[in-house]
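Student: Sharing a model prediction with you, sequence too.
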Amino acid sequence: MRTLDLSTAAVNGATVVTVQGSIDAVTTPRLTEALDTEVEAGNTNLVADFAGVEYVSSAGLRTILATVKRARAEGGDLRVAAVQPSVEKVFELAGFTTIVRFFDHVDQAVASYG
C-alpha cells in the first residue's frame, strides 16, 4: 500500500510542505487538505518539497494545479522543489513546466519569494 507523509514548516516567510511517498488517487486527498489548510490560513507563499516523492498521478497533478491557482489568487504561489527525475518527467509530459516554477533545492524556492 502506498503511503504519503506530510510535514509543514515556516522558513523565511514561506511555508515548506515536505511530501514523502506516492501521490495517487488514494493519497491525494491528504495532500489537497494540507495545501488547502495552508492557503486558508493565509500561508500563500508555498514550497512543495518533492525530494521524497517517487510517484505522482493525474490526481496529484490536479491538486498541484488547483493549489497554484488558489495561492496566486491570494497573492502567493506554489513552487515545487527537489523533484526526482521520474516525477519531473510526469510534470514535463503534462505541460506543467510552463505553469509551475520548479527549483533544484528547497532553499532556492524559498529565496525566490524574497
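Tutor: Good, I have the coordinates.
Student: Spell out which helix or strand contains the residue positioned nearest the centre of the chain, please.
Tutor: The residue lying closest to the centre of the chain (Cα atoms, centre = their mean) is residue 48, at 3.3 Å. Using DSSP states H and E, residue 48 falls within strand 45-56.
Student: hmm, back to that, can you give me the distance of the residue nearest to the centre of the chain to residue 63?
Tutor: The gap separating residue 48 from residue 63 is 10 Å, by Cβ to Cβ, to the nearest Å. Every residue, glycine included, has its C-beta placed from N, CA and C.
Student: do the same with residue 87
Tutor: As for residue 87, its distance to residue 63 is 14 Å (criterion: Cβ to Cβ).
Student: Looking at those two, which one has more neighbours?
Tutor: Between residue 87 and residue 63, counted using other Cβ atoms under 10 Å, the more crowded position is residue 63 (24 against 19).
Student: Just the buried residues of the longest helix along the chain, please?
Tutor: As assigned by DSSP state H, the longest helix anywhere in the chain is helix 58-73. Within helix 58-73, the residues scored as buried using 16 or more other Cβ atoms under 10 Å are 59-61, 63-64, 67-68, 70-71.
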